[in-house]
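S.K.: Quick one, fold the following:
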Amino acid sequence: MSKKTVVGLALGSGAARGLAHIGVLKALEELNIDIDIISGSSAGALIGGLYSTGIDPDMLKNLTIQIDKKMWMDFTVPRKGIIKGERIEEILKLITANRNIEELNKKLVIVATDLKTGEEVIFNKGPLYKAIRASISIPGVFEPVEYQGRTLVDGGVVDRIPISILKKMGADIVIAIDVGFSKYQSKVIHMFDIVLQSIDIMSKQITEPDLGLADLIIRLPLSHIESSDFELVEECSIIGYETVMKNKEKIFNVLNNLK
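M.R.: Prediction:
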């Protein structure tokens, strides 16, 4: 009896563009492609983490539409970040039912960044809500997460699309989802946009040897979506869905070792 091929899915960071991961997951389900391990960074950690609790893509889309910015934006006097992050942490704790990563329906790994050392921090056990909260903590926007003696911020700072970790966890095939970068506007108005655009620029400069480890990289055409366009859930989700469907033959070829 041949050994089952272990398929890993790497969901990349990209702020609002990461909402497209919802459509990606919906398309993969419709194609009956079974994902064994999911890795997520920043927005990828949020969508991948919630999906791994058993929330289906349609419900996930409705959730993100219903949770208005005002519900999770608890502004504070800027010291470590303009958003305290306590509200989003409570929302995540509620949605995930305070489950641990090792108790989830799917194998999951979430990445964050240790602000003090610059090291990548891997979450493959412990409270899911805390791992997601750490991974989405955009520097300058959210206050960092103090956890187990570390000061944690956005996973995308060091690992935009966490691919190598999937290989280390035993994935035979890795499909990576790249939500890309926004087109830079000459006029930047909001502080959000300044911070998020700065991170985009920085991420572009980071060499990504991990990309060569992916068996297939699906790049989503989202450059027209600004990093702060969190209200464009429907549009991002449709783009994610349609792009995967356009690439379904490539996906099946990879899964059948016909790269």
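S.K.: going forward, measure contacts between C-alpha atoms and count neighbours the same way
M.R.: Will do.
S.K.: mind listing what the residue nearest to S52 when sequence neighbours are not counted touches?
M.R.: Spatially, and ignoring its direct neighbours in sequence, S52 is nearest to K106 (5.3 Å; CA to CA, 6 or more residues apart in numbering). Taking CA atoms under 8 Å, 6 or more residues apart in numbering, we find K106 in contact with 36-38, 52-53.
S.K.: same check, this time on V6
M.R.: Neighbours of V6 in contact, by CA under 8 Å, 6+ apart: 35-37, 170-173.
S.K.: so how far is K130 from it?
M.R.: Applying CA to CA, to the nearest Å, the value for V6 to K130 is 27 Å.
S.K.: Need phi/psi at R87.
M.R.: phi -70, psi -50 (degrees, to the nearest 10).
S.K.: S237 too?
M.R.: Taking degrees, to the nearest 10 as the convention, S237 sits at phi -60, psi -40.
S.K.: Would you show me how to pick out the buried ones of the contacts of V6 in PyMOL?
M.R.: The PyMOL selection below is limited to those of the contacts of V6 classed as buried (16 or more other CA atoms under 10 Å):
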select buried, resi 35+36+37+171+173
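S.K.: gap between stretch 54-62 and the chain center?
M.R.: From the chain centre to the centre of stretch 54-62 is a distance of 15 Å (CA atoms, centre = their mean, to the nearest Å).
S.K.: could you say what helices and strands the helix or strand where I91 lies packs with?
M.R.: Using DSSP states H and E, I91 maps to helix 86-95. The helices and strands touching helix 86-95, judged by 3 or more CA pairs under 8 Å, 6 or more residues apart in numbering; DSSP states H and E, are helix 69-72, helix 128-135.
S.K.: Show me which residues of it are buried.
M.R.: So helix 86-95, judged by 16+ other CA under 10 Å, has buried residues 86-90, 92-93.
S.K.: now do stretch 175-186
M.R.: 175-182.
S.K.: What of stretch 140-159?
M.R.: 140-145, 151-159.
S.K.: Just give me the residue closest to the centre of the protein.
M.R.: Compute the mean C-alpha point of the chain, and by CA atoms, centre = their mean the closest residue is G44, 0.9 Å away.
S.K.: ok, it to E249 distance?
M.R.: Taken as CA to CA, the span from G44 to E249 is 24 Å.
S.K.: next one: T243
M.R.: Taking CA to CA, one finds T243 at 12 Å from E249.
S.K.: higher neighbour count, those two?
M.R.: The neighbour comparison of T243 against E249 (other CA atoms under 10 Å) goes to T243, with 18 against 11.
S.K.: what's the pLDDT at the more buried one?
M.R.: For T243, the model assigns a pLDDT of 98.
S.K.: Report the contact partners of it.
M.R.: 24, 218, 220.
S.K.: Equivalent analysis for S13, please.
M.R.: 40-45, 155-156, 160-161, 178-179.
S.K.: Please enumerate the strands of the chain.
M.R.: Residue ranges of the strands in the chain, as given by DSSP state E, are 7-11, 37-41, 81-83, 107-114, 120-123, 140-142, 145-147, 150-153, 173-178, 216-219.
S.K.: Could I get the buried residue list for the second one?
M.R.: For strand 37-41, burial by neighbour count (16+ other CA under 10 Å) applies to 37-41.
S.K.: Which single one of these is nearest to G14?
M.R.: Nearest to G14 among the buried residues of strand 37-41: S41, at 8.8 Å, using CA to CA.
S.K.: unless I'm mixing things up, the closest one is touching R160, no?
M.R.: Yes: S41 sits in contact with R160 when judged by CA atoms under 8 Å, with a separation of 6.3 Å.
S.K.: Name the residues contacting each of these two.
M.R.: 12-13.
S.K.: Now tabulate the buried residues of strand 37-41 in a markdown table and tack on distance to V111.
M.R.: Output for these, formatted as a markdown table (distance: CA to CA, whole Å):
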| residue | distance to V111 |
| --- | --- |
| I37 | 14 |
| I38 | 11 |
| S39 | 8 |
| G40 | 7 |
| S41 | 5 |
